[in-house]
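Any chance you could fold what I've pasted below:
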Amino acid sequence: MKIYRRFFEYIYHNLKYINDFFDISTLRQGISIYRQRVTIESHSAFHWNSLIFHQGRYFFHQLVFVFSSLVFSNSSLSST
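This next block holds a predicted model:
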């Protein structure tokens, strides 16, 4: 019984630090998921644009890819 009581006293004493760690890890996970979604969206935009404009218009679909990358990177910067 004494061990359990000491364990819960330890948890209660360090609860602030445990909550801070939980908040930080939750925030980092959210950022990671957001960055994965942005990456997937930018790559899928490049894929569809290259399929549509692949008739000798290499420069154009590269331009579309660069533009879509800039749009997504600017939106991620403005949300921080």
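
only C-alpha atoms for contact and neighbour calcs from this point on.
Noted.

Show me where the protein dips below the pLDDT cut-off.
The model of the chain has pLDDT under 70 over residues 41-80.

All the helices of it, in order from the start?
Assigned helices in the chain, in chain order: 2-13, 15-52, 58-78 (criterion: DSSP state H).

I'd like to know how far residue 40 sits from residue 8.
Summarising the geometry, the distance separating residue 40 from residue 8, computed by C-alpha to C-alpha, to the nearest Å, is 44 Å.

can you check residue 2 too?
Residue 2 sits 10 Å away from residue 8 when distances are taken as C-alpha to C-alpha.

Compare those two (neighbour count), which wins?
When neighbours are counted by other C-alpha atoms under 10 Å, residue 2 and residue 8 differ, and residue 8 comes out ahead with 11 against 6.

so how many other residues sit close to residue 38?
Counted with other C-alpha under 10 Å, the burial measure for residue 38 works out to 17 neighbours.

Sorry, wrong one. I was asking about residue 7.
Residues lying near residue 7 (other C-alpha under 10 Å) number 12.

This completes my enquiry, with thanks.
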